[in-house]
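Peer 1: could you work out the structure for the sequence below:
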Amino acid sequence: MAAKWSIRELEYEISKDDKSNVITSVHWNCTDSKEVTKDGEKVTYNGGIYDVTGLDTSDLSSFVEYSDLDEDTVVSWVKAKLGDDKVQSVENQIESQINKQENPAKGKGKPW
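Peer 2: Residues are numbered from 1 along each chain as shown. Okay, here's the model as predicted:
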């Protein structure tokens, strides 16, 4: 399994310190999945987390023009803002979601 980080939406100030479209918040997803064969059938288990991370815009010395942004750059900003421990925690939570689906502790249904 390998967690996939993606960006759903950007919030920005239209004008700040002579810059245009300064990113202030990032709406992101982190998802993962695991495919297994269970009783001869392929089953896919999915997990994910959605959150919003605010960015510090007090220093725009390394500003990137809005039109020059790509998803990898913005994901790197989010991960840097969260820090290594939080990034690992997010990915661990998703792995736990998937493990609980694959190995449930509870069930529901009817015996007939």
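Peer 1: which residues does the longest helix along the chain contact?
Peer 2: In the chain, taking DSSP state H as the definition, the longest helix is helix 84-102. Identification of contacts with helix 84-102 by CB atoms under 8 Å, 6 or more residues apart in numbering yields 1, 3, 30-34, 36, 45-49, 79, 82. Placement of C-beta: from N, CA and C, glycine included.
Peer 1: hmm, try it at 6 Å
Peer 2: Applying CB atoms under 6 Å, 6 or more residues apart in numbering, the contact partners of helix 84-102 are 3, 30, 32, 34, 45, 47, 49, 79.
Peer 1: most widely separated two among these?
Peer 2: Across the contacts of helix 84-102, the longest distance by CB to CB is 24.2 Å; it joins Y45 and K79.
Peer 1: dump stretch 41-55 to CSV, restricted to CA.
Peer 2: Only the C-alpha atoms of stretch 41-55 are listed here, as CSV (Å, rounded to 0.1, in the frame of the first residue of the first chain):
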residue,chain,number,x,y,z
GLU,A,41,-13.2,-13.0,-5.2
LYS,A,42,-11.1,-9.9,-5.5
VAL,A,43,-12.1,-7.3,-2.8
THR,A,44,-10.8,-3.8,-2.5
TYR,A,45,-10.6,-2.0,0.9
ASN,A,46,-10.3,1.8,0.9
GLY,A,47,-9.4,4.4,3.4
GLY,A,48,-9.0,8.1,3.4
ILE,A,49,-8.8,11.4,5.2
TYR,A,50,-9.9,14.8,4.0
ASP,A,51,-8.7,18.0,5.8
VAL,A,52,-7.9,21.7,5.3
THR,A,53,-4.5,23.1,6.1
GLY,A,54,-3.8,26.8,6.4
LEU,A,55,-0.5,28.2,5.1
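Peer 1: which positions in that stretch come out as buried?
Peer 2: Within stretch 41-55, the residues that qualify as buried are 45, 47-49, 53, 55, counting by 16 or more other CB atoms under 10 Å.
Peer 1: over to stretch 97-104?
Peer 2: 97-98.
Peer 1: can you give me the pLDDT of M1?
Peer 2: M1 is assigned 68 on the pLDDT scale.
Peer 1: neighbouring strands - and their directions - for the longest strand seen in the chain?
Peer 2: The strand that spans the most residues within the chain, counting by DSSP state E, is strand 19-38. Strand 19-38 has the following strand partners under DSSP bridges: strand 4-16 (antiparallel), strand 41-54 (antiparallel).
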